[in-house]
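Q: 3D model of this:
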Amino acid sequence: MASPTVLLPGQELLPSQLPQSTTSRTLTLGPGLRYTPPSTITTTVAGELCTDTRKNAVWIEALSNGRYLPSVGDLVIATVHHSSTDTYHCSLTPHTPLVLLGQLSFEGATKKTRPQLNPGNLVYARVAKADKWSDVEIECVNPSTGKSDGMGPLKGGMMFEVSNAFARRLMMGAGKGGVVLLEEIGERVRFEVAVGRNGRVWVDAASVGEVVKIGTLLRETDERRLDVTAQKKLAKKILGGT
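A: Just a heads-up that it's a prediction; the model follows:
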């Protein structure tokens, strides 16, 4: 895997550093970048330059893992803290204010059929509203279709914490971002996984032992910044197989 490109605040991106996308999508600027007309893009934080050619997107992954800052559209794993009349108050990280999840923000939910969640329960959700003037809101349903799209309560399994940068790479899938770990695990054991942009990964498998092994793989790959070859070797060592 090529060495990451690390930029400092105020540096201007070169045309060659932008995603070389073949799609007609408009270039999307993510966290850590500022656009100045007509064509200047500069960094606002120190961090690693990341691109996604499929989505024609570019962003800066801060060098310091820091606290997660919610952004509309992010998929996150939230922990229920407490509930009020119509709302669940949830935690995204220990370092951010609680966010709001409407008790009817689930597929097909009514006052009679809505999920009954207790403190400590996990939910896979999407950030629906995030601005500096009001509380952050999340939801477990696609407002356009009324479907869950895989979101909702997470039952069983275990949650593991990883860096925000690693979580983003995991969410790219199919080896993008230099991470093939989930694909390697899937060739060896049957498991379920949900990755949150807030640095949380939920894993469930046939046994607690398998879940713990998968968690070990995730943490070691993240902390040691293993490349693709090293990820495959570690998966084989811990989970076995060819």
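Q: quick check, central residue of the protein?
A: Residue closest to the mean C-alpha point of the chain, counted by CA atoms, centre = their mean, is R197 at 2.2 Å.
Q: ramachandran angles for that one?
A: phi -60, psi -20 (degrees, to the nearest 10).
Q: D227 now?
A: Main-chain dihedrals, D227, degrees, to the nearest 10: phi -80, psi -180.
Q: that one reaches V180, doesn't it?
A: No: with contacts counted by CB atoms under 8 Å, D227 stays clear of V180, the gap being 9.7 Å. Yep, even glycine has a C-beta here, placed from its N, CA and C like the rest.
Q: look at these two and report which has more neighbours.
A: The neighbour comparison of D227 against V180 (other CB atoms under 10 Å) goes to V180, with 19 against 14.
Q: quick check on the more buried one: phi, psi?
A: phi -120, psi 10.
Q: who's in contact with it?
A: Counting by CB atoms under 8 Å, 6 or more residues apart in numbering, V180 touches 228, 231-232.
Q: name the single longest helix found in the chain.
A: helix 208-224 (DSSP state H).
Q: pull out the buried residues from that one.
A: The neighbour-count check on helix 208-224 (16 or more other CB atoms under 10 Å) flags 210-211, 213-215, 217-219, 221-222 as buried.
Q: nearest to T44 among those?
A: Each of those was scored against T44 by CB to CB, and D222 proved nearest at 24.6 Å.
Q: who are the neighbours in contact with the nearest residue to the closest one once chain neighbours are set aside?
A: Closest residue to D222 apart from its sequence neighbours, by CB to CB, 6 or more residues apart in numbering: F166 at 4.1 Å. If a contact means CB under 8 Å, 6+ apart, then F166 has 179, 199, 218, 221-222 as its contacts.
Q: where in the chain is pLDDT low?
A: Flagging of the chain using pLDDT under 70 yields the residue ranges 1-4, 21-23, 62-66, 174-177, 241-242.
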